[in-house]
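Chemist: Sequence and predicted model, in that order:
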Amino acid sequence: MSRFTLHDKNSAPEAALPLIEKSEKGFGRLPGLHAVMAEAPALLDGYQVLHGLFQQTSFNAEELTVVWQTINVEHECHYCVPAHTGIAKMMKVSDEIIDALRNETPLPDSKLEALRTFTLAMVRERGNVSEADLDAFFAAGYGQRQVLEVILGLAQKVMSNYTNHVAQTPVDSVFEQYRWERANSR
């Protein structure tokens, strides 16, 4: 059960109403994360903006999924792992990639694995990645732009993952079938 209010149009602060409408229009419903974030309209607005910007990066659907889900799994986000599993399926990302990300097993593509490894380094080292981390990322075919785009994705996921941790946001019913727990929780 959520520790925080799950807002709708009737309970949300007035400044959140256009943001709720945007979410409902974009998703066909109000995601639980957005219902929680509506309490702080600036947070919901910032999250929506970052989400849109991250989708405009140079990353394709598989790469977006790798960045999002790598961070979600590392942060053990009970809400975002199932949500991004469903989103990845809608984006036609293969089950092989989805399952490898959820289970923390090697990805079937070395470039995607390099992206996951670099994203993990960014999370774990709080941006203080080593020259070796950068060299390996660049050797896989990525460049400075993608380094900075990983940071954008990380900023977005910190907002959602941390909100879900403190709010204990219930998993949306449409993603319930993808419920997740880390096999070996840290």
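Modeler: That came through fine.
Chemist: At the geometric centre of this protein, which residue sits there?
Modeler: Nearest residue to the geometric centre of the chain (Cα atoms, centre = their mean): residue 68, 3.8 Å.
Chemist: ok, and the nearest residue to it once chain neighbours are set aside, which helix or strand is that part of?
Modeler: With sequence-adjacent residues excluded and distances taken as Cβ to Cβ, 6 or more residues apart in numbering, residue 68 is closest to residue 84, at 5.0 Å. (Each C-beta comes from the backbone N, C-alpha and C, glycine too.) Here residue 84 sits within helix 80-90, counting by DSSP states H and E.
Chemist: Just list what that helix packs against, helices and strands only.
Modeler: For helix 80-90, the packing partners by 3 or more Cβ pairs under 8 Å, 6 or more residues apart in numbering; DSSP states H and E come out as helix 61-74, helix 95-103, helix 144-167.
Chemist: Most tightly packed of these?
Modeler: helix 61-74 (a mean of 23; mean count of other Cβ atoms under 10 Å).
Chemist: Give me the angle between that one and helix 95-103.
Modeler: Here the directions of helix 61-74 and helix 95-103 differ by 20 degrees (axes from the mean of the first three to the mean of the last three Cα atoms, to 10 degrees).
Chemist: How far off centre is helix 61-74?
Modeler: 6 Å (Cα atoms, centre = their mean, to the nearest Å).
Chemist: what's the answer for stretch 164-183, then?
Modeler: Relative to its chain's centre, stretch 164-183 lies at 13 Å (Cα atoms, centre = their mean).
Chemist: what do you get for stretch 43-56?
Modeler: 11 Å.
Chemist: model confidence over that stretch, on average?
Modeler: Over the span of stretch 43-56, the pLDDT mean works out to 98.
Chemist: buried ones in it?
Modeler: 43-45, 47-48, 50-51, 54 (16 or more other Cβ atoms under 10 Å).
Chemist: Tell me which of these fall in helices.
Modeler: Among the buried residues of stretch 43-56, DSSP state H puts 43-45, 47-48, 50-51, 54 in helices.
Chemist: Just put those in a markdown table and tack on distance to residue 154.
Modeler: Shown next, in a markdown table, are those (distance: Cβ to Cβ, whole Å):
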| residue | distance to residue 154 |
| --- | --- |
| 43 | 16 |
| 44 | 19 |
| 45 | 19 |
| 47 | 13 |
| 48 | 17 |
| 50 | 10 |
| 51 | 13 |
| 54 | 10 |
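Chemist: Between the residues you listed, which sits nearest residue 10?
Modeler: The closest of those to residue 10 turns out to be residue 44 (Cβ to Cβ; 16.3 Å).
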